[in-house]
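A.B. asks: Could you work out the structure for the sequence below:
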Amino acid sequence: MHSLSSKGGRDRLVRVALSAGSQLVAKASSAVLMLVSIRWALPYLDEERLGTWISITSLIVGLTWVDLGIGNALITHLARAAARDDRSDCRHLFSSAVFLLMGVAAVALVVMVGMLFVVDVGWLLSLKSKVGSIEARDAVMVAVILFCLSVPVSLVERARLAFQESHITSWFMVGSGLISVTLLAVATHYRAPLPVLLAVVQGPPFFFALINGWILLRRQRPWLKPALKEFRWEYGSLMLRTGSVFLALNLLQTANYQLDSFIIGKLLGQSSVSQFSYHQRPFAIIQSIQLLCIVPLWPAYAEAITLGEFQWVRRLLVSSVGISCVVGMLSAALLLPSGGWLIPLWVGKPVAVSVPLLWALATWNVLASMGAAVAVFWNSLSLLRTQLLLSALLASVSVPAKWWLGQRFGLTGIVWATNISYVLVVAIPCLLIVPRQLAQLSRGHPSPTG
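C.D. replies: Model (predicted):
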């Protein structure tokens, strides 16, 4: 019997708290960058160009599926190997993941850059001017190149998380955020074009990730350094099988959550994308902070499962869902009454604040907080088919609902389409599925294929 207060449980929670605390600091610096970027750029970027910037950023966030889910698969398998103190398995897993993603990133770079010469970016983003279309294409080019280069490097962050050392990555994120803010101040002062703005925002995190990797693989864990001789097809195929489910999940999550800017642009125009971003960004910051606190539970769950501490996992899940719900409601309660003055304050100009839109976003904030806590548990236990089924159902319901309600009720309709679809397709089934899974854990019989 292992409670949260047992020695192993306490040590694990200390590592979780350390990771969460440092990531909060990192996210604070990232939030500053997010908020000041729009405020600084707004004086010389019109609504269409600002909406283009936001849409490209959303597009890059939605491209996380390019790693084929290998990064997420590495977290679970590497955390379990680390719990067994099996360095050989750790080396094979990490080297196999690195060389697989180097190949994937190279192919993705060629394909996506080639598509930019075929696809009319201006039409895709519903831009009205030829000059705006050319600038948008160049901006997408810069963003795609930096993104593809960062794909294999991102495995350093995954390895840190698997070893429950994500606090180290967080301090590098703080450093990159400070550099990005400094460069952004210079770029906006000289009224730099969109490609430069994207470069100064995306470039520093990439270079700081390289430094993080050098320290991990040359100074702290040289035995983990990737080498072609450590590549094993059986390990690669294991992560490809697990990663393929994560890939499907990422694609579905992109359809569920990252297509909003595209749908808004098509239905209501790029100026509405900017209006939506003004309202959504404060909630997005809160959600990302909550996620940073929840993600460190992933390797903690995996370690406890490997060691057979199923009661500890059960108690932690119940606690994390409850705390996520309370924090989600408290943050929504704070943002709702303050939105009328907070949004114009950080935008730096008068903005028509929509109270119904704020209510819709606040509701989503609570739902997303609880869902993230359950998803991390499922990831660590490899309960991926359940997530895949629910995500597929959600995409099939929410995307048409967003289009339909968006045409009738505008921005508020799009958010409520997400909320209603999520409650019907995800939240209610979870009330039936999760208790059964917890009962299996209580008996010491996890269902890793569920």
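A.B. asks: Every contact and neighbour count from this point should use C-alpha atoms.
C.D. replies: OK.
A.B. asks: per-residue confidence for Leu146?
C.D. replies: According to the prediction, Leu146 has pLDDT 90.
A.B. asks: Likewise for Leu4?
C.D. replies: Predicted confidence (pLDDT) for Leu4: 54.
A.B. asks: same question, Ala392
C.D. replies: 88.
A.B. asks: what do you get for Pro226?
C.D. replies: 93.
A.B. asks: Could you pull up the residues touching the closest residue to it other than its chain neighbours?
C.D. replies: Once flanking residues are discounted, Pro226 sits nearest to Ser95: 4.4 Å by C-alpha to C-alpha, 6 or more residues apart in numbering. Applying C-alpha atoms under 8 Å, 6 or more residues apart in numbering, one finds that Ser95 lies in contact with Leu224, Lys225, Pro226, Ala227, Leu228, Glu230, Phe231.
A.B. asks: which among the residues you listed end up buried?
C.D. replies: Burial by neighbour count, 16 or more other C-alpha atoms under 10 Å: within these this picks out Leu224, Lys225, Pro226, Glu230, Phe231.
A.B. asks: in what helix or strand does the residue nearest to Pro226 lie?
C.D. replies: Assigned by DSSP states H and E, Ser95 belongs to helix 87-116.
A.B. asks: May I see the buried residues of that helix?
C.D. replies: 89-102, 104-105, 108-109, 112.
A.B. asks: Would you pull up how far it lies from the middle of the chain?
C.D. replies: In this view, helix 87-116 has its centroid 19 Å away from the chain centroid, taken as C-alpha atoms, centre = their mean, to the nearest Å.
A.B. asks: Skip ahead from it and say which helix or strand is next.
C.D. replies: By DSSP H and E, the next helix or strand past helix 87-116 is helix 121-124.
A.B. asks: Show me what that following helix packs onto, helices and strands only.
C.D. replies: Here helix 121-124 touches helix 130-162, going by 3 or more C-alpha pairs under 8 Å, 6 or more residues apart in numbering; DSSP states H and E.
A.B. asks: quick one: what helix or strand has the most centrally placed residue in the chain in it?
C.D. replies: Nearest residue to the geometric centre of the chain (C-alpha atoms, centre = their mean): Val61, 7.2 Å. In the assignment (DSSP H and E), Val61 maps to helix 47-61.
A.B. asks: Need the CA coordinates for that helix. PDB is fine.
C.D. replies: Output in PDB follows, covering the C-alpha atoms of helix 47-61 (Å, rounded to 0.1, in the frame of the first residue of the first chain):
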ATOM      1  CA  GLU A  47      -5.500  44.000 -38.200                       C
ATOM      2  CA  GLU A  48      -4.900  41.800 -41.200                       C
ATOM      3  CA  ARG A  49      -1.200  41.500 -40.700                       C
ATOM      4  CA  LEU A  50      -1.600  40.900 -37.000                       C
ATOM      5  CA  GLY A  51      -4.200  38.200 -37.700                       C
ATOM      6  CA  THR A  52      -1.700  36.700 -40.200                       C
ATOM      7  CA  TRP A  53       0.900  36.500 -37.500                       C
ATOM      8  CA  ILE A  54      -1.500  34.900 -35.000                       C
ATOM      9  CA  SER A  55      -2.700  32.400 -37.700                       C
ATOM     10  CA  ILE A  56       0.900  31.400 -38.600                       C
ATOM     11  CA  THR A  57       1.700  30.900 -34.900                       C
ATOM     12  CA  SER A  58      -1.300  28.700 -34.500                       C
ATOM     13  CA  LEU A  59      -0.300  26.800 -37.600                       C
ATOM     14  CA  ILE A  60       3.200  26.100 -36.100                       C
ATOM     15  CA  VAL A  61       1.700  25.000 -32.800                       C
END
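A.B. asks: Check which residues of it are buried.
C.D. replies: Buried, per 16+ other C-alpha under 10 Å, within helix 47-61: 47-59.
A.B. asks: cool, stretch 169-183 as well?
C.D. replies: For stretch 169-183, a neighbour-count test (16+ other C-alpha under 10 Å) marks 169-174, 176-181, 183 as buried.
A.B. asks: Give me the contacts around whichever helix or strand comes after the helix holding Val61.
C.D. replies: The C-terminal neighbour of helix 47-61 among helices and strands, as given by DSSP H and E, is helix 70-83. Outside helix 70-83, the residues that touch it by C-alpha under 8 Å, 6+ apart are 87, 89-90, 93-94, 97, 101, 154-155, 158-159, 161-163, 239-240, 242-244, 246, 298-299, 302-303, 306-307, 379-380, 382.
A.B. asks: The same query, at a cut-off of 7 Å, please.
C.D. replies: Around helix 70-83, the neighbours that count as contacts under C-alpha atoms under 7 Å, 6 or more residues apart in numbering are 89-90, 93, 97, 155, 158-159, 161-163, 239-240, 242-243, 246, 299, 302-303, 306, 380.
A.B. asks: now the angle from it to helix 130-162?
C.D. replies: Between helix 70-83 and helix 130-162, the angle comes out at 10 degrees (axes from the mean of the first three to the mean of the last three C-alpha atoms, to 10 degrees).
A.B. asks: contacting residues around Glu157?
C.D. replies: Thr169.
A.B. asks: and if we set it to 10 Å?
C.D. replies: Residues in contact with Glu157, defined by C-alpha atoms under 10 Å, 6 or more residues apart in numbering, are Gly71, Ile75, Phe163, Glu165, Ser166, Ile168, Thr169, Ser170, Ala209, Asn212, Gly213, Leu216.
A.B. asks: Look up how far Pro282 lies from the second one.
C.D. replies: Think Ile75. 29 Å (C-alpha to C-alpha, to the nearest Å).
A.B. asks: would you list the contacts of Ser95 in a markdown table and tack on distance to Val142?
C.D. replies: Shown next, in a markdown table, are these (distance: C-alpha to C-alpha, whole Å):
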| residue | distance to Val142 |
| --- | --- |
| Leu224 | 31 |
| Lys225 | 29 |
| Pro226 | 28 |
| Ala227 | 30 |
| Leu228 | 30 |
| Glu230 | 33 |
| Phe231 | 31 |
